[in-house]
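Q: Sequence and predicted structure are below.
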Amino acid sequence: MAMANSLDPGLVRDLVEAKAALARHGIVIIRAIETELEPALMAAVKSSMASNPSLFAKMDEEELDAFVGKMRNVSMKTANELKGLYIRLLGKLGTEYVGELAKELEGIGQLFTWERVSKSVEPVNSELSEKGFRPVELKGPESLSESFELELEQKWPPAFDRFKALVTEAEKQIEKEGSAAASPVEKKRGRKAQKRG
């Protein structure tokens, strides 16, 4: 952590522990996205297709296989893109500069949410609509698994809030130290200006 020498050692320890806890929860979420999102999307796709048997019946076996294969590729690509985004966001936690980290945290908090995960249906729905099938939605994080729901909605938020609060506290402490260090210099400049006057 940059400027750690100007921070209270207890705060530095708490920051390191909170960052490690947040990273652990983030990794569990990323693994769930990697292994559970694509199957959840495909289950929703098959449900949509089954809900329109007349349209389903018009597709011959070759056309059906091609469409299902395309939907699987779209679902996999969507899951991989979301996984890549989350890996990059977790990587930002590694910055040693408290000021930069404080600015990044708001965006990270807004993206590690079910609202963002649920948007993964959009490319899938685009393909379904093109074929005339109804759009799908993932109703909640339990659509992936109960363990994913637990991590995303119960474990990640308090871990994130704690880390964010500690970063904010560290930023204030650094600013305070910076102001205190600048004060003697400003006073010296003031005295020189008075002498010149």
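A: That came through, no problem. Bear in mind that the values here come from a model prediction, so they are computed numbers and not experimental data.

Q: From now on I want contacts and neighbour counts done on CA atoms only, so please keep to that.
A: Will do.

Q: Return the residues in contact with E17.
A: E17 makes no contacts at all, as judged by Cα atoms under 8 Å, 6 or more residues apart in numbering.

Q: Do a quick rundown of the helices in the protein.
A: 9-32, 38-50, 53-58, 61-92, 98-111, 114-118, 121-131, 146-150, 156-196 (DSSP state H).

Q: To L138, which of those lies closest?
A: Proximity to L138 (Cα to Cα) singles out helix 114-118 among the helices of the chain, at 6.1 Å.

Q: So which bits of the closest one are buried?
A: Neighbour-count burial for helix 114-118, counted by 16 or more other Cα atoms under 10 Å, picks out 114, 117-118.

Q: picking that back up, ranking the helices of the chain by burial, who's on top?
A: Of all the helices of the chain, helix 38-50 has the most neighbours on average by mean count of other Cα atoms under 10 Å, namely a mean of 19.

Q: just the angle between that one and helix 61-92, please?
A: On the basis of axes from the mean of the first three to the mean of the last three Cα atoms, to 10 degrees, helix 38-50 is oriented at 150 degrees to helix 61-92.

Q: Grab the CA positions of helix 38-50 and hand them over as CSV.
A: This file holds the C-alpha atoms of helix 38-50, laid out as CSV (Å, rounded to 0.1, in the frame of the first residue of the first chain):
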residue,chain,number,x,y,z
GLU,A,38,-23.4,-20.9,-19.5
PRO,A,39,-25.5,-23.9,-18.4
ALA,A,40,-28.0,-21.5,-16.8
LEU,A,41,-28.3,-19.6,-20.0
MET,A,42,-28.7,-22.8,-22.1
ALA,A,43,-31.4,-24.0,-19.7
ALA,A,44,-33.3,-20.8,-20.3
VAL,A,45,-32.8,-21.1,-24.1
LYS,A,46,-34.2,-24.6,-24.2
SER,A,47,-37.2,-23.5,-22.1
SER,A,48,-37.9,-20.7,-24.5
MET,A,49,-37.7,-23.0,-27.5
ALA,A,50,-40.0,-25.6,-25.8
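
Q: who does it touch, helix- and strand-wise?
A: For helix 38-50, the contact count by 3 or more Cα pairs under 8 Å, 6 or more residues apart in numbering; DSSP states H and E identifies helix 53-58, helix 61-92, helix 121-131 as packing neighbours.

Q: and with 7 Å instead?
A: The contact analysis (3 or more Cα pairs under 7 Å, 6 or more residues apart in numbering; DSSP states H and E) places helix 38-50 against helix 61-92.

Q: could you give me the average pLDDT of the helix it packs on?
A: The average pLDDT within helix 61-92 is 95.

Q: what does stretch 99-116 give?
A: For stretch 99-116, mean pLDDT is 90.

Q: Please save the CA atoms from it in CSV.
A: Extracted C-alpha coordinates of stretch 99-116, given in CSV (Å, rounded to 0.1, in the frame of the first residue of the first chain):
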residue,chain,number,x,y,z
GLY,A,99,-6.2,7.5,-4.0
GLU,A,100,-6.5,5.6,-7.3
LEU,A,101,-8.1,2.6,-5.5
ALA,A,102,-10.7,4.9,-3.8
LYS,A,103,-11.7,6.2,-7.3
GLU,A,104,-12.0,2.7,-8.7
LEU,A,105,-14.1,1.2,-5.9
GLU,A,106,-17.4,2.8,-6.8
GLY,A,107,-17.3,1.3,-10.3
ILE,A,108,-16.3,-2.1,-9.0
GLY,A,109,-19.2,-2.1,-6.5
GLN,A,110,-21.7,-1.3,-9.2
LEU,A,111,-20.4,-4.1,-11.5
PHE,A,112,-20.2,-7.0,-8.9
THR,A,113,-24.0,-7.1,-8.7
TRP,A,114,-26.8,-9.4,-9.9
GLU,A,115,-28.0,-6.6,-12.1
ARG,A,116,-24.8,-6.8,-14.2
